[in-house]
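Asks: Sequence and predicted structure below; questions after.
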Protein chains: 2
Amino acid sequence: MSFNLEVEEGAKALYQFLLDELEHVKSNINLQTHSKFTDVQMIIDDVMGNSGKMLRPFLVVLSAHFGHYDASKIQKLAGAVEILHMATLVHDDIIDEAKLRRNMPSIQSKYGKDMAVYTGDYLLAKSINVLNDERFDPNNVKRLSQAISKICESELMQYQNRFRALSIKNYLKVISGKTAALFAVSLYVGSIESNCDEQLAKNLGRIGYELGMAFQIIDDLLDFDENNQKIGKSILSDFNNGYFTVPILFALKKEPVELSNYTRKELIDFVKRNSGLTSAKRLAMKYTKRAFARIDTLEDCEAKSVLKQFSKQLLDRDY
Amino acid sequence: MSFNLEVEEGAKALYQFLLDELEHVKSNINLQTHSKFTDVQMIIDDVMGNSGKMLRPFLVVLSAHFGHYDASKIQKLAGAVEILHMATLVHDDIIDEAKLRRNMPSIQSKYGKDMAVYTGDYLLAKSINVLNDERFDPNNVKRLSQAISKICESELMQYQNRFRALSIKNYLKVISGKTAALFAVSLYVGSIESNCDEQLAKNLGRIGYELGMAFQIIDDLLDFDENNQKIGKSILSDFNNGYFTVPILFALKKEPVELSNYTRKELIDFVKRNSGLTSAKRLAMKYTKRAFARIDTLEDCEAKSVLKQFSKQLLDRDY
């Protein structure tokens, strides 16, 4: 998806405002991650020059509009969430030996794995620095650091189970930690810091969770899509890294086989033959429906309208 | 050094109490780093089962005795500092490709670099979780996360300058960030959280800084000591990793040569011929003296007596 949401007429002004806010968030990120060591700054510039769609900071600034928006505070919070996310990407690329990140050389391929370790740590620490602002509710800082440990636990669990079939339950635990947790917390902290009541914030957090789950399952489905070169990923990269994602797991439930010697074509045939893609699509749809059902319970407002459109475009990918 | 300080008669009870406290800190660390995923817990057990001398938590519990000691709060704080330190060690071993850590297989050699990346991240996040306790002064949490970013910046700077001669000034910046910062903050936060006044806490922090600088220079000197196998390190490991430490930097100032083709023996001869070791010892001595001069300015108390003895044994290594 790109940030070209087709929002309703009444929400256009808010949507444009949010896009402008993301530019402020970017400036804030540059300020907060600045290093006085030019050698270090050079690497940080590379990371930051390659910012993606900024989904998570968008969720933060958007959810903050369900309450009383305090621009400078929320920009900072959104920046911290994105810095944290970028830290995890820098480290993920080490593990996946990814040559590219968003069509640019990854930090690990340009500077080596070793530099990438410290760069990720530096960003993680900077994100915590930003969060240590007395204006923020300390519980939110706690929630964000818990999200980091959940991400790491999930990545460890996923990595340790490479070339092995996780149960569907454990697969859901993994994607819950590695993706949905940060989506959830982004919507939660943005609204809490804007003085929304706890119930609304929890509801938004839950929407973030459902969106994150659907988003990750769709991402896993796209790994099987021969047309997905357009999103800059090669097909079956998860499988090649040893990660058996949910289409494979569903297929394995129907036909338990040893996959290690399967060619690319054999694997795709195996998954299709056992309705792995269909079952995974159904699962993605389940989370998508839940997210929309929850969005519908929200009181009508511009922010709700943007959230609905955002969710639609986030999950409306070819899969 | 081992934790067998020869403390003065009057400080023996305190010293014994501190040793007992370290056991509580260990239990606290186990509790705080617990993962519900058994696969993850297995790795954490390996990290934690190999705890070292716990210098930094010792500094925290010790400095807290300059004020009003609150056991449960300080144990938790000391644990967070140690978890943070262990996170950096797990990541350092990736970079140095260290096979061993304290004579046990390092996480990166036992589980692979990839697992070590996430394990370090997990510990970093857990340390932040622990620090997000409303009993702690938020400024201290900020100071600790700033210490993490300083450590990372220094490691990045050191790594990027492998096989190159840093200026002495930049070398001091590196060791200040990678070692002295955490020593300093350990003494500072322990005393602040025990309601010491700001001036005393700053003074203790400064002592930590001087101790850390001296400790690191001595560590760098030990890399040239043919008898240092006893501390479980092989000689010239820094040099072999491309790190030109201060004995080499001093020697290069006198005789600027290209070292890349030097054999081990040629390098040692080169350093000795140019008084590299002597100059480095003098530098270590400068920081040691400063630390003791500052300790002498503290009001007499049992904690001061233990700090003095601790510093003496910390820096009294064969070098």
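Replies: Structure received.

Asks: residue contacts, the residue of the stretch 201-319 of chain A found nearest chain B?
Replies: Closest approach between the stretch 201-319 of chain A and chain B, counting by C-beta to the nearest C-beta: A:N241, at 10.1 Å. For every residue, glycine as well, the C-beta is placed using N, CA and C. Applying C-beta atoms under 8 Å, 6 or more residues apart in numbering or on different chains to A:N241 gives the contacts A:D96, A:R162.

Asks: A:E258: which element?
Replies: Assigned by DSSP states H and E, A:E258 belongs to no helix or strand.

Asks: sorry, that was for A:G52
Replies: Per DSSP H and E: nothing holds A:G52, as it lies in no helix or strand.

Asks: Residues of the stretch 51-200 of chain A that sit close to chain B?
Replies: A:88, A:91, A:94-95, A:113-115, A:117-122, A:124-126, A:128-129, A:132, A:134, A:138, A:141-142, A:145-146, A:148-149, A:151-153, A:155-157, A:159-161 (C-beta under 8 Å from any C-beta of the partner chain).

Asks: Spatially nearest residue to A:R143, not counting backbone neighbours?
Replies: Of all residues beyond its chain neighbours, the one nearest A:R143 is A:V185 (5.3 Å), with distances taken as C-beta to C-beta, 6 or more residues apart in numbering or on different chains.

Asks: how close does that neighbour sit to chain B?
Replies: Applying C-beta to the nearest C-beta, to the nearest Å, one obtains 13 Å for the distance of A:V185 from chain B.

Asks: roughly how far is whichever strand or helix holds that residue from the heart of the chain?
Replies: Under the criterion DSSP H and E, the helix or strand holding A:V185 is helix A:181-192. Computed by C-alpha atoms, centre = their mean, to the nearest Å, the chain-centroid distance of helix A:181-192 equals 12 Å.

Asks: for stretch A:38-48, same thing?
Replies: Once both centres are worked out by C-alpha atoms, centre = their mean, stretch A:38-48 turns out to sit 23 Å from its chain's centre.

Asks: I'd assumed A:I295 was in contact with A:K304.
Replies: Yes. Assessed by C-beta atoms under 8 Å, A:K304 is found in contact with A:I295 at 6.7 Å.

Asks: if we can go back for a sec, got the phi/psi numbers for the residue of the stretch 201-319 of chain A closest to chain B?
Replies: A:N241 adopts backbone torsions of phi -80, psi 0, taken as degrees, to the nearest 10.

Asks: what sits against A:M48?
Replies: Going by C-beta under 8 Å, 6+ apart, the list of residues near A:M48 reads A:K26, A:I29, A:N30, A:T33, A:M86.

Asks: 7 Å instead, please
Replies: Neighbour list for A:M48: A:I29, A:N30, A:T33 [criterion: C-beta atoms under 7 Å, 6 or more residues apart in numbering or on different chains].

Asks: ok, now how distant is the residue in the stretch 151-300 of chain A positioned nearest to chain B from A:I268?
Replies: Nearest to chain B in the stretch 151-300 of chain A, going by C-beta to the nearest C-beta, is A:C152, at a distance of 3.8 Å. To A:I268, A:C152 is 32 Å away according to C-beta to C-beta, to the nearest Å.

Asks: more crowded one of these two?
Replies: Neighbours per residue (other C-beta atoms under 10 Å in any protein chain shown) separate A:C152 from A:I268, with A:C152 holding more: 26 against 19.

Asks: In chain A, what helix or strand scores lowest on average pLDDT?
Replies: Least confident element among the helices and strands of chain A, by mean pLDDT, DSSP states H and E: strand A:100-101 (a mean of 70).

Asks: Tell me the helix or strand right after that one.
Replies: Using DSSP H and E, the first helix or strand after strand A:100-101 is strand A:104-105.

Asks: Note down every partner strand of that next one and its orientation.
Replies: According to DSSP bridges, strand A:104-105 forms sheet pairs with strand A:100-101 (antiparallel).

Asks: Tell me which other helices or strands the helix holding A:V185 touches.
Replies: helix A:55-63, helix A:71-96, helix A:138-160, helix A:198-222 (3 or more C-beta pairs under 7 Å, 6 or more residues apart in numbering or on different chains; DSSP states H and E).

Asks: Just say which of those is most tucked in.
Replies: Most buried of these, by mean neighbour count (mean count of other C-beta atoms under 10 Å in any protein chain shown): helix A:55-63, with a mean of 26.

Asks: quick one: A:I74 from A:V81, how far?
Replies: Distance from A:I74 to A:V81, by C-beta to C-beta: 10 Å.

Asks: shared neighbours of these two, which are they?
Replies: A:V60.

Asks: And the one helix or strand A:K169 maps to, how far out from the chain middle?
Replies: For A:K169, the enclosing helix or strand under DSSP H and E is helix A:168-175. Chain-centre distance of helix A:168-175: 16 Å, with C-alpha atoms, centre = their mean.

Asks: Could you do stretch A:252-266 as well?
Replies: On C-alpha atoms, centre = their mean, the centre of stretch A:252-266 falls 29 Å from that of its chain.

Asks: show me the contacts for A:F37.
Replies: So A:F37 contacts B:E153, B:M157 (C-beta under 7 Å, 6+ apart).

Asks: show me what contacts A:N140?
Replies: A:V189, A:I192, A:E193.

Asks: CA-only coordinates of stretch A:29-39, as CSV, when you get a sec.
Replies: Coordinates of each C-alpha in stretch A:29-39 appear next as CSV, following Å, rounded to 0.1, in the frame of the first residue of the first chain:
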residue,chain,number,x,y,z
ILE,A,29,13.6,11.1,14.3
ASN,A,30,16.6,12.6,12.6
LEU,A,31,17.1,14.9,15.6
GLN,A,32,16.7,12.1,18.1
THR,A,33,19.0,9.6,16.5
HIS,A,34,21.8,12.2,15.8
SER,A,35,25.3,11.1,16.7
LYS,A,36,28.2,13.4,17.3
PHE,A,37,30.5,10.8,15.8
THR,A,38,30.4,11.4,12.0
ASP,A,39,31.2,7.7,11.3
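
Asks: buried set for that stretch?
Replies: With burial defined by 16 or more other C-beta atoms under 10 Å in any protein chain shown, the residues of stretch A:29-39 counted as buried are A:I29, A:Q32, A:T33, A:S35, A:F37.

Asks: Next: stretch A:273-293.
Replies: Taking 16+ other C-beta under 10 Å as the basis for neighbour counts, the residues of stretch A:273-293 that come out buried are A:274, A:276-277, A:279-281, A:283-284, A:287-288, A:290-292.

Asks: before we move on, what about stretch A:20-27?
Replies: Of the residues in stretch A:20-27, those buried under the neighbour-count criterion (16+ other C-beta under 10 Å) are A:E21, A:L22, A:H24, A:V25, A:K26.

Asks: just stretch A:39-49 next, same as before
Replies: Within stretch A:39-49, the residues scored as buried using 16+ other C-beta under 10 Å are A:V40, A:I43, A:I44, A:D46, A:V47, A:M48.

Asks: Quick one: mean pLDDT over that stretch.
Replies: Confidence for stretch A:39-49, expressed as mean pLDDT, is 82.

Asks: can you check stretch A:69-84 too?
Replies: Averaged across stretch A:69-84, pLDDT comes to 96.

Asks: from the chain's centre, how far out does that stretch sit?
Replies: For stretch A:69-84, the distance from its own C-alpha centre to the chain's C-alpha centre is 16 Å (C-alpha atoms, centre = their mean).

Asks: And for stretch A:86-95?
Replies: For stretch A:86-95, the distance to the chain centre is 12 Å (C-alpha atoms, centre = their mean).
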